[in-house]
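Chemist: please work out how this folds:
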Amino acid sequence: MRLLNFGAGLWAVAPMVGLLTGGMIAKSGNSVLLIIGPTAAGKSRVAAYVAERAGAEIISADARAIYRGLEIGTDRPPAELLRRVPHHLIGILDPRESYDAARFRADCERLVHEIHARGRRAIVVGGAPCTCGP
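Modeler: Numbering: from 1, shown residues only. As a prediction, the model looks like this:
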């Protein structure tokens, strides 16, 4: 596993094998890039930059961005970027719906396998170093 430090508390772990899925991704032979860091460190910007150059798709691990109507405070990518780079788990639930770690894990596993089946790479972006980092 390589740990990349982009400064300002922003880290990328590559490949991130099994961290979110208990090893399920490791069986696919593909890796997943995990970009983590504190709020407002530029995680989304780095993920978009990497995704455009690597032919990747982004899976959001932002606990609030999954809800529709919460654009303010979540740094949701602009519509133009969403058209250029496929993003997943953004604005898909009504704010009255509950969403937990188990459901995220299942969604993330499914999405990673779908992305890899398309011959693309997956980038999971979100979180903070205190919860899933070095």
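
Chemist: and residue 105, that's in a strand?
Modeler: No. Judged by DSSP: H, G, I helix; E, B strand; the rest coil, residue 105 forms no part of a strand; its state is helix.

Chemist: tell me how many other residues crowd it.
Modeler: 14 (other C-beta atoms under 10 Å). (Glycine included, C-beta is placed from N, CA and C.)

Chemist: by mean pLDDT, point me to the weakest helix or strand of this protein.
Modeler: The helix or strand of the chain with the lowest confidence, counting by mean pLDDT, DSSP states H and E, is helix 129-132 at a mean of 47.

Chemist: got the contact list for residue 55?
Modeler: By C-beta atoms under 8 Å, 6 or more residues apart in numbering, residue 55 lies in contact with 120, 121.

Chemist: from residue 86, how far off is it?
Modeler: Distance of residue 55 to residue 86, given as C-beta to C-beta, to the nearest Å: 10 Å.

Chemist: do residue 47 as well
Modeler: With C-beta to C-beta as the criterion, residue 47 and residue 86 are 12 Å apart.

Chemist: residue 80 now?
Modeler: Per C-beta to C-beta, residue 80 is found 14 Å from residue 86.

Chemist: the more surrounded of these two?
Modeler: Using other C-beta under 10 Å as the criterion, residue 80 and residue 86 rank with residue 86 on top: 15 against 8.

Chemist: thought the more buried one was touching residue 60?
Modeler: No. Using C-beta atoms under 8 Å as the test, residue 86 is too far from residue 60 to be in contact (11.3 Å).
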